[in-house]
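A.B. asks: Okay, predicted coordinates and the sequence, questions at the end:
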Amino acid sequence: MKYDYDLFVIGAGSGGVRAARIASLAGAKVAIAEEYRIGGTCVVRGCVPKKFLVYGAEFSQMLADAPGYGWTVGSATFDWPTLRDNVQKEVARLSGIYATNIAKAGVTTFEERAEVVDAHTVRLTKSGSELTAERILIATGGRPYLPEGLPGVELGITSNEAFLLDKLPERVLIVGGGYVALEFANIFHGLGSKVRVLHRGDKLLRGFDEDLRAHMHIEVERSGVQLTMKATLTKLEKVGGAIRATLSTGEKVDTDCVLFAIGRDPYTAGLGLDRAGVKLDDEGAVIVDEFSRSCVESIYAIGDVTNRMNLTPVAIRDGHAFANSLYNNLPTPVDHAFVPSAVFGRPPIGSVGLNEVDARRSYERVDIYRTSFRPMRNMISGNQERTLMKIVVDGGSGKLLGVHIAGEDAPEMIQLAAVAVKAGVTKKQWDSTMALHPTAAEELVLMREKIASPGSPA
Ligand SMILES: Cc1cc2nc3c(=O)[nH]c(=O)nc-3n(C[C@H](O)[C@H](O)[C@H](O)COP(=O)(O)OP(=O)(O)OC[C@H]3O[C@@H](n4cnc5c(N)ncnc54)[C@H](O)[C@@H]3O)c2cc1C
């Protein structure tokens, strides 16, 4: 054989592992390199540990709701090391399963960093060995962005470190207004920390539907998290045992933990892609076509490093489609339309398809259906949290363009709503489905009145 491998995958995260496994099972000689832990962001320091922490945090609301349902709970206490260590045990178990599965599929694993030398060569940086491959797949994901030049930035942490804290901070200052910021606000607040979110914008959750953004602002504050909008950090310093944060407003905030959740960069720095002639966009993402091929014929890229849609199922689908296209003789472009997404905040969000603003940009007539209510579950507990549901419809064809929910179980509901939206179901067909009573989800098929004009939820 002309090359050491048919395929060399850099990065054993969601996308890389899937691509390596499918290509190897199809008969290709495959190697994969991982510089940190097999499983990648999702398994090790993203979706999976985060969701466990969200589950852990939810108990505080249940405890608060319990007296209304007749329960006397007594004094409940929470032990961070127990939750942290149990989550880490599960993470280690899952990472082990990933490693076993790629080995069983016949993939050779190198547990070290790899860099690109040229269009067909990679270098393993620890051992220094150079290996050749007919194709190289870049699946290096992304990494948290830190504010450059901020004095004292080293006193802050990112989501990477948040899972491993020695102790639960009494006070947390979260910088950012996106989904990772709101999820950690929910986690820390639920576990008992005093949480403040600092965001430079005037609204949370850029990219989500405007009504949802407004709803979340109200509900996050109602939950007890302090929101400070239109402000940034100008300095962090150590004062006694605390971190003192100076805000752009001049205010000084003493806290025990500063968590930066201001976005993620595609992880291409120092990877050597320039040596091979691979083109990157302004944010450092590998530019690829619908088959995930870069401008260099033998180099492909999938998942977060392409910055197309930074979600685990997308990276997995990208990886599978890549392997099918090249090793199973099944050319498969990836369809990134109508991908559902969630925010595991308080309340959680589930969203699929176009928001109202984007729909109005692309369609001549857009019909909006919206409802806001206090779910049954909260009525006798005294919990004031409200649910918002919104449906965006193409007024011409009657087809659903988007469904957006903020409320208990929204992520679970939206997975199924996404099937209907993706299938091109009309509002008439959607409404012909019988309601399932008593649920919150039934309200989704009972929204009959169009909202006359854009506005905020009732
Ligand atoms: C806090 C947080 C919560 C998230 N929650 C969700 C969620 O709820 N749902 C969801 O769908 N998505 C979520 N995501 C996003 C999700 O984790 C990513 O979209 C997904 O992991 C992308 O997969 P990937 O294969 O592209 O990259 P990754 O999973 O990031 O894998 C890339 C791997 O490459 C390795 N690597 C990088 N460079 C090299 C190199 N040069 N040599 C060797 N190895 C290298 C890295 O160590 C890493 O293991 C979350 C992300 C974060 C940070």
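C.D. replies: Received, thanks.

A.B. asks: number of nearby residues for residue 376?
C.D. replies: Residue 376 has 10 neighbours, counted by other CB atoms under 10 Å. In short, each C-beta sits where N, CA and C put it, glycine included.

A.B. asks: Identify the spatial nearest neighbour of it, chain neighbours not counted.
C.D. replies: Counting by CB to CB, 6 or more residues apart in numbering, residue 438 is the residue found nearest to residue 376 once chain neighbours are left out, at 6.0 Å.

A.B. asks: so the one you found touches residue 379, yeah?
C.D. replies: No: in this structure, residue 438 is not within contact of residue 379 by CB atoms under 8 Å, at 11.1 Å.

A.B. asks: ok, now which ones touch residue 44?
C.D. replies: Neighbouring residues of residue 44 by CB atoms under 8 Å, 6 or more residues apart in numbering: 36, 37, 91, 95.

A.B. asks: How far does stretch 148-157 sit from its chain's centre?
C.D. replies: How far stretch 148-157 lies from its chain's middle: 24 Å, per CA atoms, centre = their mean, to the nearest Å.

A.B. asks: Please apply the same query to stretch 315-324.
C.D. replies: Worked out by CA atoms, centre = their mean, stretch 315-324 lies 18 Å from the chain centre.

A.B. asks: again with stretch 415-432
C.D. replies: Stretch 415-432 sits 24 Å away from the centroid of its parent chain (CA atoms, centre = their mean).

A.B. asks: and what of stretch 190-203?
C.D. replies: Per CA atoms, centre = their mean, the centroid offset for stretch 190-203 relative to its chain is 18 Å.

A.B. asks: what's near enough to touch the closest residue to the ligand within the stretch 351-458 of the chain?
C.D. replies: The minimum distance from the stretch 351-458 of the chain to the ligand, using CB to the nearest ligand atom, falls at residue 411 (8.5 Å). Going by CB under 8 Å, 6+ apart, residue 411 touches 342, 344, 348, 349, 350.

A.B. asks: Of those, just say which sits nearest to residue 181.
C.D. replies: residue 344 (12.0 Å; CB to CB).

A.B. asks: So which bits of the stretch 301-450 of the chain are right by the ligand?
C.D. replies: Residues of the stretch 301-450 of the chain lying close to the ligand (CB under 6 Å from any ligand atom) are 303, 304, 305, 310, 311, 312, 313, 315.

A.B. asks: Are we agreed that the second one is in a helix?
C.D. replies: This means residue 304. Yes: counting by DSSP: H, G, I helix; E, B strand; the rest coil, residue 304 is part of a helix.

A.B. asks: neighbours around it, how many?
C.D. replies: 32.

A.B. asks: How about the fourth one?
C.D. replies: Neighbour count for residue 310, taken as other CB under 10 Å: 19.

A.B. asks: what's the answer for the first one, then?
C.D. replies: Here the count is done by other CB under 10 Å, and residue 303 has 37 residues near it.

A.B. asks: For it, give me its contacts.
C.D. replies: Residues counted as contacts of residue 303 (CB under 8 Å, 6+ apart) are 11, 13, 14, 15, 16, 139, 141, 310, 314, 315, 318, 319.

A.B. asks: Try it again at 6 Å.
C.D. replies: Counting by CB atoms under 6 Å, 6 or more residues apart in numbering, residue 303 touches 15, 139, 141, 315, 318.

A.B. asks: What of the third one?
C.D. replies: Contacts here follow CB under 6 Å, 6+ apart; on that basis residue 305 touches 138, 140, 141, 266, 286.

A.B. asks: How much space separates the residue lying closest to the third one once chain neighbours are set aside from residue 408?
C.D. replies: In space, residue 141 comes closest to residue 304 once its chain neighbours are excluded; the distance is 4.4 Å by CB to CB, 6+ apart. From residue 304 over to residue 408 the distance is 29 Å, taken as CB to CB, to the nearest Å.

A.B. asks: what do you get for residue 397?
C.D. replies: Relative to residue 408, and taking CB to CB, residue 397 is found at 32 Å.
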